[in-house]
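In: Sequence and predicted structure are below.
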Amino acid sequence: MSLPLSSSILDQLSTAVMVCSANLEVLYVNPSCEALFELSQSRALGMPLFHLLQEASEGSSNWFDLPKALSRVIDSGHPFTRREALIRVGLQDKAVDYSVSLIEPQEKEKWLLIEFQPIERLLRISRDEAQAQQYQTTRQLVRGVAHEVKNPLGGIRGATQLLARSLPAPDLREFTQIILEEVDRLTLMVDTLLGSRQPPAFVSTNIHEVLERVLPLLNSVQNTPEALALNQPVQLIRDYDLSLPELSADPNLLIQVVLNISMNALQALTEQAPTSARLPRQITFRTRIQRAFTIHGICHRSVIRLDIEDNGPGIPPALLESVFYPMVTGRAKGTGLGLSIAQDIMQLHKGLIECQSVAGRTVFSLFLPWE
Ligand SMILES: Nc1ncnc2c1ncn2[C@@H]1O[C@H](COP(=O)(O)OP(=O)(O)OP(=O)(O)O)[C@@H](O)[C@H]1O
Ligand SMILES: [Mg+2]
């Protein structure tokens, strides 16, 4: 069935739009609606509406009799709006406002037009801004301190070497050696905190080339005899959308981002207790196009999305809100710089990283504008 409205206009809308027949079969979903319900137009068409649209509020104070409300719209033609509904998509609940109204494309034919506004995204955008500000302030503070610490390190190193040469007994050099090692460790750390001094070199980059540089590195880390003696190697799964456009980026910096995030996943899968002994441990690299996405106040028609997902134990809830801050770590040997550096590099690319984590499923999603 063809729609009377130009669907190319509907395709550009960031509002998710669905059209149903009066006997509640899906006739049309626009791309934002496909994204909301995580299924393609071709799978949605002809589907009974209630297979797709289910409220998760059954039994709660926010319960709503949707079938009754829909038949009232069909009978009376009066639209309604439902606020802060939780709809079930796969295993997740999503918060949306939605409105239902009647359209009559031809005589004696009635369709329902349903418009969804995901409200979590609005909450997310405002939270993002606050977080980006806070993050920037912390970053400047840490950089300031790192800079002050770095200044005297060179002097301390030189003076210690002179002292070592003039020590009367050679066994006292053990102490100057300790000073030198600690000074070197601090220098390395403040250099990492201060970040690269090279300006990024932006070139046309394919995200899959970046991934194909990182995956062999991850395999080489876990294919050492010691690692293999301890564990079965973690499976690295490719789920690529090869039709993605190229983007302007510094591939070496993006490799660093992907490596930092996937090393964390690998460490979580191999260093911490498994959530279930039966499940094969996996890291999935999923690339997709994401339509209508706002990053730092700029709404992009589409962006490249890379999900790095692992089925490890998850990020401890107490850490989750602050994982992107420098020096935040849950690992005994961690410096807590990996994600902070990744976030910095993503900002250079006008992109964004998001993270969701529960036991058994941690997803870091990278969003990169390409136009
Ligand atoms: N996929 C993941 N699963 C579980 N925990 C994670 C995951 N990714 C990150 N984390 C937690 O977030 C913390 C911060 O990560 P980050 O990469 O910034 O620092 P780090 O790995 O501790 O140290 P570094 O990367 O500098 O060596 C980690 O210590 C870990 O506790
Ligand atoms: Mg790390």
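Out: Yep, it's here. Ligands and ions are numbered 1, 2, ... in the order given.
In: what about stretch 20-28, average pLDDT?
Out: Averaged across stretch 20-28, pLDDT comes to 94.
In: With stretch 89-98 instead?
Out: Mean pLDDT, stretch 89-98: 82.
In: Stretch 287-297 too?
Out: 85.
In: Give the buried residues for it.
Out: Across stretch 287-297, burial judged by 16 or more other C-beta atoms under 10 Å covers 287-289, 291-295. All C-beta atoms are positioned from the backbone trio N, CA, C, and that covers glycine.
In: can you count the residues close to Asp128?
Out: 18 (other C-beta atoms under 10 Å).
In: Who are the contact partners of it?
Out: Each residue near Asp128 by C-beta atoms under 8 Å, 6 or more residues apart in numbering is listed here: 296, 352.
In: Map the structural domains onto the sequence of this protein.
Out: For the chain, automatic domain parsing gives the domain ranges 7-121, 199-369.
In: The closest residue to Leu102 other than its chain neighbours and ligand 2: what is the separation?
Out: With C-beta to C-beta, 6 or more residues apart in numbering as the criterion, Leu102 has its nearest non-adjacent residue at 4.8 Å, and that residue is Gly77. The gap separating Gly77 from ligand 2 is 58 Å, by C-beta to the ion, to the nearest Å.
In: next one: stretch 8-21 to chain centre, how far?
Out: 25 Å (C-alpha atoms, centre = their mean, to the nearest Å).
In: Return the set of buried residues in that stretch.
Out: 10, 14-20.
In: Of the residues you listed, just say which sits nearest to Ser365.
Out: Ser14 (18.0 Å; C-beta to C-beta).
In: contacting residues for the closest one?
Out: By C-beta under 8 Å, 6+ apart, the neighbours of Ser14 are 32, 291-292, 299.
In: for stretch 67-80, which positions count as buried?
Out: Buried residues in stretch 67-80 (16+ other C-beta under 10 Å): 70, 73-74.
In: just the helices in the stretch 151-300 of the chain please.
Out: 173-194, 207-222, 225-230, 251-271 (DSSP state H, counting those that start in this stretch).
In: Over to the stretch 1-150 of the chain?
Out: Using DSSP H, counting those that start in this stretch, helices in the stretch 1-150 of the chain cover 7-12, 31-37, 41-44, 49-52, 66-76, 119-165.
In: separation between Leu352 and Thr335?
Out: Note on Leu352: its distance to Thr335, by C-beta to C-beta, to the nearest Å, is 23 Å.
In: The two - which one has more neighbours?
Out: For Leu352 and Thr335, the more surrounded residue by other C-beta under 10 Å is Leu352, and the numbers stand at 21 against 14.
In: which residues does the more buried one bridge with?
Out: Phe367 (DSSP bridges).
In: Which residues are in contact with it?
Out: Leu352 neighbours (C-beta under 8 Å, 6+ apart): 128, 295-296, 346, 366-367.
In: Go ahead and produce PDB holding the CA coordinates of the least confident helix or strand in the chain by mean pLDDT.
Out: Ranked by mean pLDDT, DSSP states H and E, the helix or strand of the chain with the weakest confidence is helix 225-230, at a mean of 76. Provided in PDB are the C-alpha atoms of helix 225-230 (Å, rounded to 0.1, in the frame of the first residue of the first chain):
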ATOM      1  CA  PRO A 225      51.300 -19.800  25.300                       C
ATOM      2  CA  GLU A 226      50.800 -18.500  28.900                       C
ATOM      3  CA  ALA A 227      47.400 -16.900  28.100                       C
ATOM      4  CA  LEU A 228      46.200 -20.000  26.200                       C
ATOM      5  CA  ALA A 229      47.300 -22.300  29.000                       C
ATOM      6  CA  LEU A 230      44.900 -20.400  31.300                       C
END
